[in-house]
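S.K.: Return a 3D structure for these sequence lines:
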Amino acid sequence: MQYGPHRDHATWTIYLENAKEFEQSAFCQLLECAAAAFSADFGFIHKIADAEIPRGRANKSISFLDRARTEKHLYVVTHHLSKSLPDVYWMTLFGKPYVELFSRERLMSCPAYRVKEMDNGSIVVQLTPELKDITADEATFERVRQDARNHLDNDAFFDLAKGIDYRYRVPEFVWGPILN
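M.R.: I've put the predicted structure just below:
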């Protein structure tokens with residue numbers, strides 16, 4: 001629910017302590033159904049790999065929940081999206097603002113394992129066959145991810161070399177009526 005002059009995206013996080021609890025097809029379907037039901041602008045399923053922590057810490061999308069730095073937390077909120085896309089994730093849902101920013105054709109031709117257009121026009125990009133691919137071979141996953149970023153438009157995605165203050169390409173978010 002949104003109140004007052006400040007408009008923000010709602011966030012929904014499901015955190016699994018045990019990766020064995022991840023039922024891939026069910027979670028992918030959940031993301032797609034929820035994205036359609038809520039007209040999501042952006043969504044993702046991901047598991048944090050060590051290789052991405054410096055980039056995630058620099059763009060403030062990854063933090064640690066404990067002093068020992070063993071519990072990693074990934075979150076993407078409105079202030080991230082208004083500056084840049086922090087990254088392409090294992091499964092990324094691009095809603096209407098991003099379809100308009102990148103174009104349907106560019107998203108549909110993204111070099112990824114699976115690309116699917118949903119009935120509402122949103123596009124889902126799944127980089128590799130399984131979530132566990134992220135940590136099973138981090139270097140390969142990072143190459144696939146970089147290919148997707150380059151294909152879509154690297155000027156929209158956070159880049160360590162450009163930094164957080166660079167003016168990236170971002171969509172214009174159109175907010176619906178405030179619900180009370």
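
S.K.: check contacts around residue 62.
M.R.: By C-beta atoms under 8 Å, 6 or more residues apart in numbering, residue 62 lies in contact with 48, 52-53, 56, 72-74. For the C-beta atoms, the positions are set from N, CA and C on the backbone; glycine is no exception.

S.K.: Report pLDDT for it.
M.R.: Listed pLDDT for residue 62 reads 93.

S.K.: Please report the distance of it from residue 44.
M.R.: Separation of residue 62 from residue 44 (C-beta to C-beta, to the nearest Å): 13 Å.

S.K.: can you check residue 121 too?
M.R.: Residue 121 is 18 Å from residue 44, where distance means C-beta to C-beta.

S.K.: quick one, which of these two is more surrounded?
M.R.: Legend: neighbour count by other C-beta atoms under 10 Å for residue 121 and residue 44, higher for residue 44 (18 against 14).

S.K.: Show the backbone phi and psi for that one.
M.R.: Backbone geometry at residue 44, expressed as degrees, to the nearest 10, gives phi -160, psi 160.

S.K.: cool, and residue 40?
M.R.: Given degrees, to the nearest 10, the pair of backbone angles that residue 40 has is phi -60, psi 140.

S.K.: Counting neighbours, which of the contacts of residue 62 end up buried?
M.R.: 48, 52-53, 56, 72, 74 (16 or more other C-beta atoms under 10 Å).

S.K.: Just name the closest of the residues you listed to residue 113, please.
M.R.: Comparing the buried ones among the contacts of residue 62 against residue 113 with C-beta to C-beta places residue 52 closest, at 18.3 Å.

S.K.: Could you report the distance from that closest one to residue 141?
M.R.: 9 Å.

S.K.: And residue 131, by the same measure?
M.R.: From residue 131 to residue 141 the distance is 10 Å (C-beta to C-beta).

S.K.: Identify the contacts common to the two.
M.R.: Contacts common to residue 131 and residue 141, judged by C-beta under 8 Å, 6+ apart, are residue 90.

S.K.: still on that earlier bit, out of the contacts of residue 62, which comes closest to residue 174?
M.R.: Of the contacts of residue 62, the one sitting nearest to residue 174 (C-beta to C-beta) turns out to be residue 74, at 26.0 Å.

S.K.: Got the phi and psi for that closest one?
M.R.: Per degrees, to the nearest 10, the backbone of residue 74 is at phi -110, psi 130.

S.K.: low pLDDT regions in the chain?
M.R.: Under the criterion pLDDT under 70, the flagged ranges of the chain are 1-19, 175-180.

S.K.: run the last query once more with 50
M.R.: Segments of the chain classed as low confidence (criterion: pLDDT under 50) are 1-4.

S.K.: Now tell me what touches stretch 92-104 from outside.
M.R.: 31-32, 35, 39-44, 85, 107, 117, 120-125, 127, 152-153, 156, 169-174.
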